[in-house]
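Student: pasting the structure only:
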């Protein structure tokens, strides 16, 4: 059986868990061109988008990108990522709309603080990359 695994060092915040030392294909989301692509991570929380060259953020394998034309869902995904959510399993559904994101983030504020504390450097890279991208609201 063939697998898409390579050896790697430390995992990014989106890629914690799983088999240590193995990298799977992980989705990266670009909010400038609203596209997602997968890469075998090199422990990089941010990679250049192969489509537009802008920053793309590494997310968990649970992330399912919306259609490129679905601007409302991309705005919601971007808002979640800007809060610090990288699409882990939380034991409940993620919000359906952009309007629900702030309440969802407040509900999970302690979890987000813990994650950011655990991976300070990775979140610094993610926050810096997102600061260069204008916020889209749908």
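Tutor: Now that the structure is in, tell me what you want to look at. Computed from a predicted model, the values in this text were never measured in an experiment. Numbering: from 1, shown residues only.

Student: Only C-alpha atoms from now on, for both contacts and neighbour counts.
Tutor: OK.

Student: Now do the same contact list for residue 35.
Tutor: Counting by CA atoms under 8 Å, 6 or more residues apart in numbering, residue 35 makes contact with 29, 65, 68.

Student: Which strand residues bridge it?
Tutor: residue 30 (DSSP bridges).

Student: Neighbour-wise, give me the winner out of the contacts of residue 35.
Tutor: residue 29 (28 neighbours; other CA atoms under 10 Å).

Student: do you know how far that one is from residue 107?
Tutor: 24 Å (CA to CA, to the nearest Å).

Student: now the contacts of residue 35 in TSV, with distance to residue 115?
Tutor: Below are the contacts of residue 35 laid out as TSV (distance: CA to CA, whole Å):
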residue	distance to residue 115
29	19
65	22
68	29
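
Student: What is the nearest of those residues to residue 37?
Tutor: Taking CA to CA as the measure, residue 37 lies nearest residue 29 of the contacts of residue 35, at 6.8 Å.

Student: Please give me every residue in contact with the nearest residue to that closest one once chain neighbours are set aside.
Tutor: Leaving aside its sequence neighbours, residue 29 sits nearest to residue 36 (CA to CA, 6 or more residues apart in numbering; 4.4 Å). Contacts for residue 36 (CA under 8 Å, 6+ apart) come out as 27-30, 65.

Student: Now that we have these, can you turn them into TSV and tack on pLDDT?
Tutor: Converted to TSV, the contacts of residue 36 look like this (pLDDT from 0 to 100):
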residue	pLDDT
27	94
28	95
29	96
30	97
65	96
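
Student: Great, nothing more from me.
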